[in-house]
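Participant: when you get a sec, could you give me coordinates for this:
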Amino acid sequence: MINLFKTSPLNAKRTLLGCLVLLTLCAANFLAIGQTGLKYIPSTAQVVVTVNLPNLDKKVNLDQMKQYDFFEATIKEMYKSPGLDEDTLLQQYFEKMIADPASLGYDANEPFYIVVEKVGFDSYTTFIQKMSDRARYEKAVQQLKGNDFVPYLTEVGEKKIWQHGNDLFAWNNEVVLNIVHEKGYDPSQFDYGYDENIGYDSIDWSDYEYTDSTYEDVVIEENIEEIETLPSMDENIALDSASFIFSDGDTLNFFENDGNFDWIEQGPDTAAYTWALKLLNKDFLHPITQNQRFNLAKGRTNDVHFWMDYSLFTESITKMQTGGLGGGMAATNSYAQAMAAMGGFMNVFYKDTYVSMGLNFENGRMAIRSQLFSNEDMKRFYSKALDAKFNKKFLRYVKGGDEMFGYFYVNYNVKNTIEETKTLLYKTFAATPQYGQLASDAMKILGIFIDEEAIGNLLKGDLMVSVSGMQTVEVKTKTFDYDADFNFTERDTTIMQNMPIFTALASYGNGADIQKFIDLGIHSNVLVKERNFYKVAVPGMEGQNFFLAKHDGLLIFTNNQYLMQQNLATGFEKKLRLPKNHKKRLCKNGSVVYWNIPNTIKAAAGSQADSNIGLTGWMNNLGKEFYSVEMTTSKKVGDAVESEMFLNMTNKDMNALQQFFNFVNDVYLEMMGGAKI
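Facilitator: The predicted model follows:
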């Protein structure tokens, strides 16, 4: 081993650099070996879904799946589906795929990929699976396709492509590809013949003649989008021919000869064939592993990972815009202007934007962690808008405890949000030359009247809505008494009704300005003052009690009469408030959602809370297996806006995927009458 400290500084630097290069090459080689399919994904792909088969197999393997009743029943139902019910070869192939994919030549020790890329107006969805044994794979496919295997097989060197109709499989010594090609619509190829200057009344309807058709004149075909008459195929034979283009993209031709219809099979999809060959040859500039956006996303350790580049949408809008202008549509009509505005909006707000979402089945919970990567303008917007502090006074008026359903919290800095939104709108208008300058000037004039400082001091931008349980309240309603002649008499009635207890909280700055809005409500009879709070008349909910209070920098809107009349000054006792873990979560994040599943289900089930039968039994079992849902969005913006969602299970020691399948199986047995929950 070379001792860096005994060499010259220059040699030491070179040796260190060499070590780093060696480590990098080793890491790249490990990536190529461990995730072979990534080498066949172009860096221009816009959607990549990674299904980590080894991870999932450790949590619930195929042998365990076959023990579930619902799984066996699902397979049987699949065999009854059209196209599969009579195809025993396909059924056998599917059974082997579930039980032992290695017997078909697939390698389940590496991830499985689903890739989407839009090229022009067309899109290609590619399924990529690692090959473990090419001879086994080819033998299995040949048995599956039978006599159709050889006629539709093409060999290109060591690569093979089997294509028949919409089915396309391509493979080499490393991977198997399945290509689904969807042909898009190019607006530039269609002349809309649209002229906004032509009015409806200017048409001379005398040129049009109504002709009545009998029932026999009409031919109805399902799923047919277009019928195009073709010329006769032979002058010596009287033929009527047509081409039917179905909604799934298939094209079938038929011709009539002596009253009999013969169908001509569609030709091969050359675009899909070319795409498959491109991927097998790796005929692209870089693989996805060299896409910086893809590499920044944290997805390689997840059970399932979803990555998407928003160019899938932004480029489509741009193509639709340019395509529409290039066709029969004039650049001055409203459609073209709307498309131009949409294109400008997408480029400003979503250019260089991509999202990463990872799903993991952990012990005691399902976890989804996402990252939204944005361009510099939007990154600045999020960092400014989420720069807000949690108002700890909220905690006084949010009741926790064993009956709480949950809460929703969001906090945006209103002043910063308005400022950054105006900046983004100016950029949007600049990207829309058709009327961008006019709109920009209008915004400048409007900006004179928009004082973000004053608005930000009116309402701070935070909002929290909590549901703390149920209450029984008196509700005034109207009933009707009918006599023998069905004449009715209206009567005011008071009934007892169970209702959720909710409280909505928002921070305000300038109390005098807030009072102006409250005075307006009083003058319009929406608010009625009672002591240090107000009764609120909610349209459509007459007879129910709602209250509003302006207290200590907080606006409080609730139907909790006990809170308003007895606890407005100090809020709930500390022991009744949210526990510390909730406080910490609210302080760290810009938005939080918490939902307690058992409490909600118990309230919904009512008197049937302990029932084990039917829908109520299913709901009660749901409350036993799943404890809560938590969703958060961090207010710290680095390279991305990070969010998390957790579905927490009651059993903290068992993997969430196994618990989920156990729950589904119990529900299935209950529905089929095979067992009681």
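
Participant: so where's this protein shaky on pLDDT?
Facilitator: Along the chain, the model assigns pLDDT under 70 to residues 1-34, 186-266, 298-300, 316-345, 431-454, 456, 540, 542-543, 605-618, 673-677.

Participant: quick one, longest strand in it?
Facilitator: Taking DSSP state E as the criterion, the chain has its longest strand at strand 459-482.

Participant: okay, it in CSV with CA atoms only?
Facilitator: Extracted C-alpha coordinates of strand 459-482, given in CSV (Å, rounded to 0.1, in the frame of the first residue of the first chain):
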residue,chain,number,x,y,z
LEU,A,459,-54.2,37.4,8.5
LYS,A,460,-50.8,35.7,9.1
GLY,A,461,-51.5,32.8,6.8
ASP,A,462,-51.9,30.0,9.3
LEU,A,463,-55.0,27.8,9.7
MET,A,464,-55.7,24.9,11.9
VAL,A,465,-59.0,22.9,12.0
SER,A,466,-59.4,20.2,14.7
VAL,A,467,-62.2,17.7,15.4
SER,A,468,-62.0,16.8,19.0
GLY,A,469,-64.9,14.4,19.4
MET,A,470,-68.7,14.2,19.4
GLN,A,471,-71.3,16.2,21.3
THR,A,472,-75.0,15.9,21.8
VAL,A,473,-76.7,19.3,21.1
GLU,A,474,-80.2,20.7,20.8
VAL,A,475,-81.0,21.5,17.2
LYS,A,476,-84.0,23.5,16.1
THR,A,477,-85.7,22.2,13.1
LYS,A,478,-89.1,22.3,11.4
THR,A,479,-91.6,19.4,11.2
PHE,A,480,-94.9,19.1,9.4
ASP,A,481,-98.2,17.7,10.7
TYR,A,482,-100.8,16.5,8.2
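
Participant: for it, buried residues please.
Facilitator: 459-470, 473, 475 (16 or more other Cβ atoms under 10 Å). For glycine as for every other residue, the C-beta is placed from the backbone atoms N, C-alpha and C.

Participant: and of those, the nearest to residue 409?
Facilitator: Distance to residue 409, by Cβ to Cβ, is smallest for residue 464 among these, at 4.5 Å.

Participant: wait, what's in contact with the closest one?
Facilitator: 394, 398, 407, 408, 409, 410, 504, 505, 506 (Cβ atoms under 8 Å, 6 or more residues apart in numbering).

Participant: what is the helix or strand encompassing residue 274 packed up against?
Facilitator: Using DSSP states H and E, residue 274 sits in helix 270-280. In terms of contacts (3 or more Cβ pairs under 8 Å, 6 or more residues apart in numbering; DSSP states H and E), helix 270-280 is packed against strand 122-130, strand 153-156, strand 159-164, strand 167-171, strand 175-182.

Participant: quick revisit: next secondary structure element downstream of the longest strand of the chain?
Facilitator: strand 488-508.

Participant: need the contacts of residue 464 in TSV with distance to residue 64 and neighbour count, can you?
Facilitator: Shown next, in TSV, are the contacts of residue 464 (distance: Cβ to Cβ, whole Å; neighbours: other Cβ atoms under 10 Å):
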residue	distance to residue 64	neighbour count
394	45	26
398	42	23
407	37	25
408	37	16
409	39	23
410	41	16
504	46	16
505	47	23
506	50	19
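
Participant: and residue 528, its phi and psi?
Facilitator: phi -130, psi 120 (degrees, to the nearest 10).

Participant: so what's the closest residue to it other than its chain neighbours up against?
Facilitator: With sequence-adjacent residues excluded and distances taken as Cβ to Cβ, 6 or more residues apart in numbering, residue 528 is closest to residue 535, at 4.5 Å. By Cβ under 8 Å, 6+ apart, residue 535 lies in contact with 527, 528, 529, 545, 546, 547.

Participant: number of residues surrounding the closest residue in space to the fifth one that isn't next to it in sequence?
Facilitator: Once its chain neighbours are removed from consideration, residue 546 has its nearest residue in residue 536; the separation is 4.2 Å (Cβ to Cβ, 6+ apart). For residue 536, the number of neighbouring residues by other Cβ atoms under 10 Å comes to 18.
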